[in-house]
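Asker: Please work out how this folds:
(2 chains)
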Amino acid sequence: MSLLARTYNIFSFLGYYADTFLTYLIDSIIFLLAAAIAIILTIYFFRKYMARVQLRIGPNRVGKFGTLQLIADALKLMGKESILPKERDDFPYKVAPILVFAGLMVAFSLLPFGSFFWVGNVVISNSEVGIILLFAVLAIMPIGEMLAGISSHNKYALTGALRSVAKDISFEVPMMISVLAIVVMASARTPSSLTIGSVVSTEILPYGILQPLGLFVFYIAMIARASYTPFDMGESESELVSGYSTEYSGMRFGLFYVGMFGSILLGSFIISLFYLGGYNGPYEWNLGLIYLLIKTVIVVVISFTVWLSMPRIRIDKFVNLGWKYLFPISVFNLVLAGFLTLYLGW
Amino acid sequence: MDVKEPGRRIPLVGSLEGVLTVLKHAVMKPVTVQYPEEQAYTPERFRFRIFLNLDDCVGCTLCEQVCPNKSIVMEKVNRENPRNKRMIYPDVNFGTCTVCRNCEEICPTDAIYLTHVFETSRTKNSFLYSPEELAKQEGEVIK
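Answerer: Have a look, this model is predicted:
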C-alpha cells in the first residue's frame, strides 16, 4: 500500500472530493518538507566535503558539527533586504526565482522513491505519462534562468542568460535521445504504460550496465542541467560576477541557490532511477527507499568530486561537445539499444 | 636553448588525475587550527611581545635610537631608581613594531627583551604600551 492510499483511507469518511483534496494537500506538504530537508542536507554535505577537499574544517560553530549552519543561513537570507534594480522588468524579474524553485519541486514530486517498511510505497504522483512529464517539468527551470537574466537589465546577467540558453539547447537533445534508448528497452519488457515506476521495475539488470554510453551522456547532461563546474557557463562567477543571478539578493537569490543544489540532488535521483536500478536491491525487505538513497548519495559524491576538480570549459567548446560528440554518441546508443532489444532480446 | 614541445596528451587523463587528487585530499586531515581552543604551532625561537625590567633600565635611549620605525619613544615615569637618574623609560607601540629585535640586542643592561608571548589583542584602538605595562605580564595589562 502506498503513502497516498494510506492517507486516502484515513480521510475516507469525508467523502470523495474532500478526501482527494486533503490527501493530496497533506502528502504534498509532507513531501515538500522532506524535499527541503534533503536539499539542506545536500548543501551541508557539500560544504563539509568542499572544506575537507581544501584541507579546511568547514562549518562547525552553529550547532553540533555545524549542522544548524544552513538553517542560520536560510534565516539570514530571509531577513536580508531584497534590493531591486531600478530598470528591471518587474513581473519576470519577480517570477523567475519562483519558476526555478517550483519547477524543481514539481520535478521532485514526480519521482517514485520506492517502498519503506510500514509506510509503503513512497510516491506522490503516479502519472501515466511520468517520463515525458518529468522532462517537460525539467525544461521549466531554464526558462526561469533566462527570464532572470533578461529582466535584470544588466549586461552580466544577460550574457549569463545567453550562455545558459546556448548550453541548454546543446545538451537537451542528447539527453532526450539517451532517455529514448531507455524507453526502447523498457517498452519491450513491460506491457503496461511507461510510468517511471514501471521503467524502474524492468531493471533486473540496471540500464547503466546495458547502456554505458547512455549513462555517460545522461550524466554530462545532468551536470549541465544543474549547471555546476565544469559546465556553469550560466553563472561563470569569475567573469560574469554571478551570471543570471547577479541582480538578485535576499531570499530571491536563495531560491536560485536552492534550485542549483536541488537540481544536483534531482539529477542524482534520476540517474539512480533510470541507470543504476533505482529502488531495486538484493533483498525484498521493503528497503527500496534505502537502496535508492544509497545510490543517490554515491552519485552526489561523484558529482561533487567532479565539481571540485574541474575548471569551467568555454561555452563554444561546450556547444561543440554537445553537438559533435554527445549527439552522435547518444544516437549510436539508441541504435545499439534497439539492436540489443530486437535481436538479442536483452 | 631548446624548448621542448609538450607531447600530445590523451584526452580526459588530466581531468581524471584532478578527480583523483580531489579524492585523495578528501581523506587527508585538515590543516586548520581552531585558534582559541587549540594553539597554533609557533617555532621555539619565535619572539613578539617586548618586556621591560624597570629596575635594570638605565634610560640610555639606545633602544629609541636603534628602533628602525620609531616604535620606541622614551617617556618620563616618576619612579625611584638610582641607576636611572633622568627617570625615562621606553614606551613601545606594538602597532608598528616589526620585531627586528634591535632593541634587545643593543640594550647594555638587558633590561628590554622579547618573549614568546604573542597574544596582544586589545579592545582599545591603540597598541601603545607604557613602561609600566611593559613590565607587567600580558594578562595583567588593562586592554
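
Asker: Could you pull out the strands in chain B for me?
Answerer: B:50-52, B:72-76, B:88-93, B:112-114, B:128-129 (DSSP state E).

Asker: Quick one: these as CSV, columns for mean neighbour count and distance to chain A too.
Answerer: Every residue, glycine included, has its C-beta placed from N, CA and C. Shown next, in CSV, are the strands of chain B (neighbours: other CB atoms under 10 Å in any protein chain shown; distance: least, CB to the nearest CB, whole Å):
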stretch, mean neighbour count, distance to chain A
strand B:50-52, 22, 34
strand B:72-76, 16, 39
strand B:88-93, 22, 34
strand B:112-114, 19, 32
strand B:128-129, 19, 32
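
Asker: With mean pLDDT as extra columns, can I get those strands in CSV?
Answerer: Below are the strands of chain B laid out as CSV (pLDDT from 0 to 100):
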stretch, mean pLDDT
strand B:50-52, 89
strand B:72-76, 90
strand B:88-93, 90
strand B:112-114, 90
strand B:128-129, 85
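
Asker: Same list (those) but as JSON lines, adding distance to A:D19.
Answerer: Below are those laid out as JSON lines (distance: least, CB to CB, whole Å):
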{"stretch": "strand B:50-52", "distance to A:D19": "81"}
{"stretch": "strand B:72-76", "distance to A:D19": "86"}
{"stretch": "strand B:88-93", "distance to A:D19": "79"}
{"stretch": "strand B:112-114", "distance to A:D19": "81"}
{"stretch": "strand B:128-129", "distance to A:D19": "78"}
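
Asker: Compute the number of surrounding residues for the residue in chain A positioned nearest to chain B.
Answerer: Chain B sits closest to A:S309 of chain A, with a gap of 4.0 Å, by CB to the nearest CB. Counted with other CB atoms under 10 Å in any protein chain shown, residues neighbouring A:S309 total 20.

Asker: ok, now A:I29?
Answerer: A:I29 has 10 nearby residues by other CB under 10 Å.

Asker: Would you quantify the distance from the residue of chain A closest to chain B to A:M233?
Answerer: Using CB to CB, to the nearest Å, one gets 18 Å for the distance from A:S309 to A:M233.

Asker: Contacts only, for residue 98.
Answerer: As the question left the chain open, I've gone with chain A. For A:I98, the contacting residues are A:144, A:255, by CB atoms under 8 Å, 6 or more residues apart in numbering or on different chains.

Asker: oops, I was thinking of chain B
Answerer: Contacts of B:T98 by CB under 8 Å, 6+ apart are B:68-69, B:71.

Asker: who's in contact with A:P59?
Answerer: A:44, A:47-48, A:51, A:65-66, A:69-70.

Asker: let's see 6 Å
Answerer: A:47, A:66, A:69 (CB atoms under 6 Å, 6 or more residues apart in numbering or on different chains).

Asker: Rank those by pLDDT and give me only the lowest.
Answerer: Among these, A:G66 carries the lowest pLDDT, at 83.

Asker: Look up how far A:Y49 lies from the closest residue to it other than its chain neighbours.
Answerer: Nearest non-adjacent residue to A:G66, counting by CB to CB, 6 or more residues apart in numbering or on different chains: A:P59, 3.2 Å away. Shown here: A:P59 relative to A:Y49, a distance of 12 Å by CB to CB.

Asker: do A:V122 as well
Answerer: Applying CB to CB to A:V122 and A:Y49 gives a distance of 26 Å.

Asker: Can you pick out the residue with more neighbours from these two?
Answerer: Per other CB under 10 Å, whichever of A:V122 and A:Y49 has more neighbours is A:V122, with 22 against 19.
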